[in-house]
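Q: Let me see the structure of the following:
(one chain, ligands or ions: 1)
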Amino acid sequence: MSQSFHRVPFVLANWKINKLQGEVKDFIEKVNDKVPAADVVETGIAAQDIFLADMIRETAQSPVQVVAENVHWEDSGAFTGETSPRALADIGVNYVLIGHFERRKFFNETDSTVNLKVTAALRNGLKPIIDIDEDMSAYAQFMDAEPAVAQVAAALAGVSVDQIRNITIAYEPTWAIGSGEAASAEQAQKAAHLIRQTLAHLYSPSISEKVRILYGGSVNPDNASEIMSQPDIDGVLVGKAALDPDQFLKLAQIAKG
Ligand SMILES: O=C[C@H](O)COP(=O)(O)O
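A: Sure, this is the predicted structure:
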């Protein structure tokens, strides 16, 4: 992680649809007092919508951020089954994951809907964590960089210089998600560097240095240290390993350095 620009590292759990109410409560009780201060390492948990309001209450005295896994692009209206960005902000959610690979694969999300969601989140004061995936893995394996650049640019269309500071990008190679095989630190750095170069091109080099870039895909306490020590990687987005509170706390400690 770069020391020059003070990007606070971010350790973000993504529970997907894996926990029940009692398990959520137990996990939060275990980690609440043990995570680092937010100005040292930011920690967050992305969870199903039905748990978010309780989690906000249960983490009120803790630095742990409660994160939504998805959001709709309209603030209100007739969109049965969707979650309004306005409602998320109203209950105290700060961050929202947008464009996760599983959303794109199973729920037909496209670069265009990802962009609509990013702008809706920003409009409501939410901070998007944008997933960039498939094409980046191609680049990490030394193929064509153009699709990756296009995916980043599409997600950020219409996002202003002032708004970009509220964006986090998460690079997740599809083959690494849930496979037990993480990208090498070198591959992850190469992709993160490409994302930062793209941000420099879209905005400016100095702005690109202020945006956090996470790596996700089979991260665990054994591989996190090398991945997080890469100059363009500012944290991790963790599925399976972060279902366990001890592993989550270990990852937060690793990020602290
Ligand atoms: O959002 C998290 C990613 O999908 C990574 O999941 P994983 O750590 O289980 O590979």
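
Q: ranges for the helices of the chain?
A: 21-31, 49-58, 85-90, 101-106, 111-123, 134-140, 146-155, 161-164, 185-202, 205-208, 224-228, 245-256 (DSSP state H).

Q: residues of the last one that come out buried?
A: Residues of helix 245-256 classed as buried under the neighbour-count rule (16 or more other C-beta atoms under 10 Å) are P245, Q247, F248, L249, K250, L251, A252, Q253, I254, A255. For every residue, glycine as well, the C-beta is placed using N, CA and C.

Q: how about CSV for the helices of the chain, with mean pLDDT added?
A: Formatted as CSV, those follow (pLDDT from 0 to 100):
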stretch, mean pLDDT
helix 21-31, 98
helix 49-58, 98
helix 85-90, 98
helix 101-106, 95
helix 111-123, 98
helix 134-140, 57
helix 146-155, 83
helix 161-164, 95
helix 185-202, 92
helix 205-208, 96
helix 224-228, 98
helix 245-256, 98
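
Q: near the ligand, which residues of the chain?
A: Listed as neighbours of the ligand in the chain under the rule C-beta under 6 Å from any ligand atom: 14, 100, 172, 177-178, 216-219, 237-241.

Q: For the residue lying closest to V93 once chain neighbours are set aside, the count of nearby residues, please.
A: Excluding the flanking residues, the one nearest V93 by C-beta to C-beta, 6 or more residues apart in numbering is A68, at 5.4 Å. Neighbourhood size, A68 [other C-beta atoms under 10 Å]: 25.

Q: go on, G235?
A: Neighbours of G235 (other C-beta under 10 Å): 30.

Q: how about the nearest residue to it, chain neighbours excluded?
A: Nearest to G235 is F10, by C-beta to C-beta, 6+ apart, at 3.5 Å.

Q: follow-up on the earlier one: check whether the residue nearest to V93 really touches N94, as I assumed.
A: No - taking contacts as C-beta atoms under 8 Å, A68 lies outside contact range of N94: 9.5 Å.

Q: So the residue nearest to V93 versus Q187, what's the distance?
A: Going from A68 to Q187 by C-beta to C-beta, to the nearest Å gives 29 Å.

Q: any idea how far L52 is from the residue of the chain found nearest the ligand?
A: Nearest residue of the chain to the ligand (C-beta to the nearest ligand atom) works out as G239 at 2.4 Å. Distance from G239 to L52, counting by C-beta to C-beta: 18 Å.

Q: I129 too?
A: 15 Å.

Q: Compare those two (neighbour count), which wins?
A: For I129 versus L52, neighbours defined as other C-beta under 10 Å are more numerous around I129 (27 against 23).

Q: who touches that one in this structure?
A: By C-beta atoms under 8 Å, 6 or more residues apart in numbering, I129 lies in contact with L12, V67, Y95, V96, L97, I98, I167, T168, I169, A170, L214, L237.

Q: Test for you: state the pLDDT assigned to the most far-flung residue of the chain relative to its centre.
A: In the chain, the residue that sits farthest from the middle, by C-alpha atoms, centre = their mean, is A78; the gap is 28.2 Å. A78 is assigned 98 on the pLDDT scale.

Q: Work out the gap between stretch 59-78 and the centre of the chain.
A: Distance, stretch centre to chain centre, for stretch 59-78: 13 Å (C-alpha atoms, centre = their mean, to the nearest Å).

Q: quick thing: my sequence starts at 41, can you match it?
A: Happy to do that; since the first residue is 41 now, the last one works out to stretch 99-118.

Q: list the buried ones in it?
A: Quick answer for stretch 99-118 (16+ other C-beta under 10 Å): 99, 102-113.
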